[in-house]
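In: One predicted model, sequence on top.
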Amino acid sequence: MKLDKLVGERFKEKPSDCVIESHALMMRGGYMKDVAKGIYSQYTPLKRICQKIETIIRQEMDAIDGQEVLFPVALPAALWDESGRYESVGSELLRFTDRNGSKMVLGMTHEEAAVQLVRDYAKSYNSYPFMIYQIQTKFRDEARPRAGLIRVREFTMKDAYSFHTSQEDLERYYQICYEAYNRIFARAGIPEVVTVASDSGMMGGSLSHEYMLLTPIGEDSIAICSECDYRANMEAAESVIENEKDGSDEPLTKVHTPNIHTIEEICDFLKSPLEKSCKAVVYQKNMTDDYVVIFIRGDLDVNETKLTNFLGEEVHPAVITAECGLNAGYIGPVNLTVNGDYTVIYDQSLQGTNNLSCGANEEEYHYTGLCMERDVPNAEYIDVAKIVDGGICPKCGKKTIHISRGIEVGNIFQLGTKYTESMNMQYLDADGESHYPIMGCYGIGVGRLAASVCEAHHDDFGPIWPISIAPWQVHLCCLRADDPEAKTYADSLYKELQKAHIEVIYDDRNVRPGVMFSDADLLGVPIRLVVSPRNMKESVVELSSRDKSVQDKVALTEVVPTVKKLMEEMMQKLEA
């Protein structure tokens, strides 16, 4: 393709609304254009990158006996009613009514559609196991789209669904998919992706893993142990606490604390550390607005994912009114009274502790000397705390946890029978008995993966695309296109590269070398060839790689064979 015919503009200035480099570079490089918040159109370079990612995904899914299908984008709400998710999923699910008054949704995930597709087919155990997958547009009405393609509302995703007659068979296939995902990310150019244990969230299921690209700009927090192989998303990481009790219990004493409302203020007032306090965090259930009061050690934060999993429903920060009976800023576990239905939860960080400060449930008063066993004898403890940097590893027991940031580029779930049971999909075994199939689910966001590769591999001038997914394999630059000899040879080389089935973008514009090379950097093509009058005098072409690892001069007659060899080496490095 000729660069002067490529639709889209490339420019030098970084857009003011781009918070991460991959977003800025893909906007500057003419990869995409924003249509609405979290919705983008793709120019040719990004479309070509995504097509190559999809090809890699298809190859790996087909290699593990996946069968490609396609589900609708618009789905009847009745399907989501069957699974129970039409009401349980929040506002991320875009609901609408069609012209006939029928309730509809835009698919943000397709478990229901997958079950609906195969439940009439797979009624005998002889049909199992099998896996179906699609690459399809999805829509998630994300509240805070950000970072370009990292968090969007409309996106393209590969989602696969496997069906099994036993948990053992699901686990066998889960491992196969686990390894296929490692190959996909390596072939796409980011072998540094790591797997972490994760929370299944709205998907349900008993076991799930996320594939994370560790990067400071990531939106997810990952707990990693430096001593063992423990890795987990902070949402799913167990908070292990060593509770130490002081030698003797102090008496429970009420202290006047005027104009003090936060846990930090009370600890400063009492001159005691945060870990010697008990704080209250209050939520309300989304469905009923009933209050949920969590008591937790003062230096820890509530993990809302753990909380919603325990409650079985979503929550939001509470609005504390005079009528509810709670005294904001002075809530404590002793003599707590609330008007109406409410839930009280005690985090395990308080178990066995003593001599804590806490609210006295009375305006301008706190307690000191709180002993949980003595003063709150009926408390039952669960883990609802966020794991902390420097915390105890749940696997090896050492204080070696550190928190890193990461971008989720894929996920896999063991769904169990959550959807087959709720949607009444059954099969008959060899003895004629009915069972619900067991499901697995496996997802990869195509656009997010492209952006993640750019985030992992770029310099100050543009992306450094791997040969496997680059928009083109070779960028041919003709300097001084007004020079007949240089132009004639560059034109012939362009045709020769095309004849050799090498993807080439050809820049023969009459522009300054700085402009030409700047555009080449923004397009990030892995191999660059430069034809110029000076090089023609030496009968050579300058060959370089975008990552600067290769810089050479190649004889005019050896350019195409040399390019082919370098391409093979680049592919072999990825395949390795």
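Out: Looks like it arrived, so ask away.

In: you'd agree F517 is in a helix?
Out: Yes: assessed by DSSP: H, G, I helix; E, B strand; the rest coil, F517 belongs to a helix.

In: Tell me how far the residue nearest to it when sequence neighbours are not counted lies from A490.
Out: Counting by C-beta to C-beta, 6 or more residues apart in numbering, F517 lies nearest to C477, which is 7.3 Å off, once chain neighbours are set aside. Bear in mind the C-beta positions are built from the backbone N, C-alpha and C, glycine included. Note on C477: its distance to A490, by C-beta to C-beta, to the nearest Å, is 8 Å.

In: Now for those two: what residues contact both?
Out: V531 (C-beta atoms under 8 Å, 6 or more residues apart in numbering).

In: Who does the residue nearest to F517 form a beta bridge with?
Out: Counting by DSSP bridges, C477 is bridged to D507, V530.

In: In contact with it: list those residues for me.
Out: D507, M516, F517, A520, R528, L529, V530, V531.

In: So which of the residues you listed is the closest to A113?
Out: Minimum distance to A113 across those is 43.2 Å, recorded for A520 (C-beta to C-beta).

In: picking up where we left off before, now render the contacts of C477 as JSON lines, adding neighbour count and distance to L75.
Out: JSON lines is the format used below for the contacts of C477 (neighbours: other C-beta atoms under 10 Å; distance: C-beta to C-beta, whole Å):
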{"residue": "D507", "neighbour count": "24", "distance to L75": "45"}
{"residue": "M516", "neighbour count": "21", "distance to L75": "48"}
{"residue": "F517", "neighbour count": "17", "distance to L75": "48"}
{"residue": "A520", "neighbour count": "23", "distance to L75": "44"}
{"residue": "R528", "neighbour count": "21", "distance to L75": "46"}
{"residue": "L529", "neighbour count": "26", "distance to L75": "49"}
{"residue": "V530", "neighbour count": "23", "distance to L75": "52"}
{"residue": "V531", "neighbour count": "29", "distance to L75": "54"}
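
In: Include distance to V194 and pLDDT when you put these into a markdown table, please.
Out: Converted to a markdown table, the contacts of C477 look like this (distance: C-beta to C-beta, whole Å; pLDDT from 0 to 100):
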| residue | distance to V194 | pLDDT |
| --- | --- | --- |
| D507 | 38 | 97 |
| M516 | 39 | 96 |
| F517 | 35 | 97 |
| A520 | 32 | 97 |
| R528 | 32 | 98 |
| L529 | 36 | 98 |
| V530 | 38 | 98 |
| V531 | 43 | 97 |
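
In: Could you report the distance from the residue nearest to K123 when sequence neighbours are not counted to I438?
Out: Spatial nearest neighbour of K123, excluding adjacent residues (C-beta to C-beta, 6+ apart): Y427 at 5.4 Å. Distance check for Y427 against I438: by C-beta to C-beta, it reads 11 Å.

In: Quick check: neighbours shared by those two?
Out: In contact with both Y427 and I438: T165, using C-beta under 8 Å, 6+ apart.

In: just to revisit the earlier point, and the residue nearest to K123, how far is that from S434?
Out: 7 Å.

In: Which one of the two is surrounded by more residues?
Out: Y427 (20 against 9; other C-beta atoms under 10 Å).

In: Could you check how far E60 is from R528?
Out: From E60 to R528 the distance is 30 Å (C-beta to C-beta).

In: pLDDT score for the residue nearest to F517?
Out: C477 carries a pLDDT value of 98.

In: Check the gap between it and V525 for me.
Out: 10 Å.

In: shared neighbours of the two, anything?
Out: Between them, C477 and V525 share no contacting residue, judged by C-beta under 8 Å, 6+ apart.

In: okay, which residue is most central for the protein?
Out: With distances taken as C-alpha atoms, centre = their mean, the chain has E408 as the residue nearest its mean C-alpha position (2.6 Å).

In: these two touch, right, it and D220?
Out: Yes: if you go by C-beta atoms under 8 Å, E408 and D220 touch, sitting 5.6 Å apart.

In: Overlap of the contact sets of the two?
Out: E210, M212.

In: Need the contacts of C477 in TSV (columns: distance to I294).
Out: Listed next are the contacts of C477 as TSV, based on distance: C-beta to C-beta, whole Å:
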residue	distance to I294
D507	61
M516	60
F517	57
A520	55
R528	58
L529	63
V530	63
V531	68
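
In: Out of those residues, flag the one nearest to I176.
Out: Nearest to I176 among the contacts of C477, with distances taken as C-beta to C-beta, is R528, at 39.1 Å.

In: can I assume the closest one is in contact with D547?
Out: No: contact criterion C-beta under 8 Å: R528 and D547 do not qualify, at 10.8 Å.

In: Tell me the one of the contacts of C477 nearest V388?
Out: Distances from V388 to those, taken by C-beta to C-beta, are shortest for A520, at 46.0 Å.

In: What sits closest to that closest one if chain neighbours are left out?
Out: H475 (5.0 Å).

In: what about the one you found, how many neighbours?
Out: Neighbour number of H475 under other C-beta under 10 Å is 27.

In: in a strand, that's where it is, yeah?
Out: Yes: counting by three-state DSSP, H475 is found in a strand.
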